[in-house]
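Q: 3D, please:
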Amino acid sequence: MTAKILTLEAAKEANIDVIENGKYTQVVHDTVVALRANRRSGTASTKTKATVHGSGSKPWRQKGTGRARAGYKSSPVWVGGGVVFGPHPRDYSKKVSKNNKRIALRKALSERIKAGDVLIAPTFAVSEPKTKQFVAALGALTPETRSLIISAAFDDTTYLAARNVGPALLMTASEVNTEQLLHYRKVIITEDGLAQLAERISKR
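A: Sure, this is the predicted structure:
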């Protein structure tokens, strides 16, 4: 397999709506922030002085001991007491419109194309589910192991061969997102994946 750099002219011929101006950077930022926020579980939780388990009795009498006054053992100033302004379960998710997601994906792809980081390959597959074969196939296209490989679909053999190669990622054209396009140093797209991606980000 061989790969060639996807130029702006070739991208336009493939019906990719390239964004050549400096617009939509804020849309890309908002989309990536939302993608990362939506992955947060929001399950961090602490107990306040009201929810700490323990007796509500006064530890010692108010006067005569020589010690500071204390009203309850769950006081935040005590070890094992409650936490003031600590985290509680919450929803971190953010909403981004479908139109903005599409624009962000188109903008991210356009910037990677302009930077010369997008490669086009006829197909991408391996014959056996072996890591060595996957590394060899990827190395034949680019020396950069931190690569995103996009196709219309991958067979199970290729998925199995790629699962132990942490720096690389296989994604279908229907599932790839803006953050992934920006994260990897090289983006390899198969011809059928490019056609599907062009349809997905086309103007509506």
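Q: center of the chain - which residue?
A: Nearest to the geometric centre of the chain sits Glu179, at 5.3 Å (C-alpha atoms, centre = their mean).
Q: give the helix, strand or coil label for it.
A: With DSSP: H, G, I helix; E, B strand; the rest coil as the basis, the three-state label of Glu179 is helix.
Q: buried stuff in the longest helix along the chain?
A: With secondary structure taken from DSSP state H, the chain has its longest helix at helix 98-114. Neighbour-count burial for helix 98-114, counted by 16 or more other C-beta atoms under 10 Å, picks out 100-113. Where you see a C-beta, it was placed from the backbone N, CA and C, and this is true even at glycine.
Q: state the mean pLDDT of the next helix or strand after that helix.
A: Going down the chain from helix 98-114, the next helix or strand is strand 118-121, by DSSP states H and E. The pLDDT scores in strand 118-121 average 96.
Q: where does pLDDT dip in this structure?
A: 1, 203-204 (pLDDT under 70).
Q: helices of that one, residue ranges please.
A: Applying DSSP H to the chain gives helices spanning 8-13, 25-38, 98-114, 131-141, 156-162, 178-183, 191-201.
Q: how about the second one: buried residues?
A: Just to be clear, that refers to helix 25-38. Taking 16+ other C-beta under 10 Å as the criterion, helix 25-38 shows 27-28, 30-32, 34-35 as buried.
Q: which among those residues gets closest to Ile149?
A: Leu35 (19.5 Å; C-beta to C-beta).
Q: which residue is the nearest non-sequential neighbour of the closest one?
A: Sequence neighbours aside, Glu179 is the residue nearest to Leu35 in space, at 4.9 Å (criterion: C-beta to C-beta, 6 or more residues apart in numbering).
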